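Participant: Just to be clear, the model below is a prediction. Sequence and coordinates:
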Amino acid sequence: MRITVLGCSGSVSGPDSPASGYLLTAPETPPLVLDFGPGVLGALQRFADPGKVSVFLSHLHADHCLDLPSLLVWRRYHPQPPSGRALVYGPSDTAHRIGGASAECGAEVDDISDAVDVHCWTDGEPVTFGDLTIIARRVNHPPEAYGLRVTDGAGRTLVYTGDTGMCDEVIELSRGADVLLAEASWTHSKDRPKGIHLSGTEAGQVAHRAGVGELLLTHIPPWTSREDVIAEAKAEFSGPVHAVSAGAVYTI
């Protein structure tokens, strides 16, 4: 199982990276993209055919999903359009929210069912995708938001927190994972908003308490110091810690 970072800038696109998007590939499994924020479609074209990917969304904040209307254009208007529909998993209002973003006029909702087959997460219920098993768990973020635990046929496990504040659910979801891809949107300052995102300190605490093998930090906004977030995480977790960059590839 390999993860290619298409975009990792937190909350907005950055000067060196699109917003959130991660290409996941595994033997006997179609290509899968976790989140699809602004700029991800362009980056995806360097690594995979956009007409052949499925998309699993952690939540529907703009920085995690708003290149999906561009994927609809690709599937509908490419000179050699892909056959069938793309599989999309996401929160309960995914079809409506993406349809609204794709509509011709503000009061309309585009029927996107011609291009994508939308399914909704059920908290804790496994989804089989090729050789992978994915479990989504509700986490602590203002909209309906999920962390994702991905296990391949050999038992190797990646956990992606999506966006979350500190909560028991993200620790349990991460328990024993080989790799934890954790958001860390700010440093552990006293004036940071609570219950929205993890600090570097909290990402390290999740990794330590869950007993993961390796911590990959992501979703660091352009205005947050990567070095400070990394230092905070390393102070809490003794295993390998890295902050990801766009284009980086990790084997799990």
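Facilitator: Ah, there it is.
Participant: what ranges do the strands span in the stretch 101-250 of the chain?
Facilitator: 116-120, 126-129, 132-138, 146-151, 157-160, 179-183, 214-218, 241-243, 249-251 (DSSP state E, counting those that start in this stretch).
Participant: for these, which one sits closest to residue 169?
Facilitator: strand 132-138 (5.2 Å; CB to CB). Where C-beta positions appear, they are placed from N, C-alpha and C, glycine not excepted.
Participant: And for the closest one, what's in contact with it?
Facilitator: Outside of strand 132-138, the residues within contact range by CB atoms under 8 Å, 6 or more residues apart in numbering are 1, 24, 26, 29, 32, 56, 89, 121-128, 144-153, 169-170, 172-173.
Participant: if we can go back for a sec, could the strands of the stretch 101-250 of the chain go into CSV alongside mean pLDDT?
Facilitator: Below are the strands of the stretch 101-250 of the chain laid out as CSV (pLDDT from 0 to 100):
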stretch, mean pLDDT
strand 116-120, 98
strand 126-129, 98
strand 132-138, 98
strand 146-151, 98
strand 157-160, 98
strand 179-183, 98
strand 214-218, 98
strand 241-243, 98
strand 249-251, 98
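Participant: Nearest to residue 207 among the ones you listed would be which one?
Facilitator: Short answer: strand 214-218, nearest of these by CB to CB, at 4.2 Å.
Participant: doesn't residue 24 fall inside a strand?
Facilitator: Yes - counting by DSSP: H, G, I helix; E, B strand; the rest coil, residue 24 is found in a strand.
Participant: Looks like it contacts residue 31 (just checking).
Facilitator: Yes - using CB atoms under 8 Å, residue 24 is in contact with residue 31, at 7.5 Å.
Participant: Can you pick out the residue with more neighbours from those two?
Facilitator: A direct count of neighbours by other CB atoms under 10 Å for residue 24 and residue 31 places residue 24 higher, at 25 against 18.
Participant: In contact with the residue nearest to that one when sequence neighbours are not counted, which residues are there?
Facilitator: Closest residue to residue 24 apart from its sequence neighbours, by CB to CB, 6 or more residues apart in numbering: residue 32 at 4.5 Å. Neighbouring residues of residue 32 by CB under 8 Å, 6+ apart: 23-25, 53-56, 129-130, 132.
Participant: Now render those as TSV, adding distance to residue 200.
Facilitator: Putting the contacts of residue 32 into TSV (distance: CB to CB, whole Å) gives the following:
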residue	distance to residue 200
23	25
24	24
25	28
53	31
54	31
55	28
56	26
129	31
130	34
132	29
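Participant: of all these, which comes closest to residue 81?
Facilitator: residue 53 (14.3 Å).
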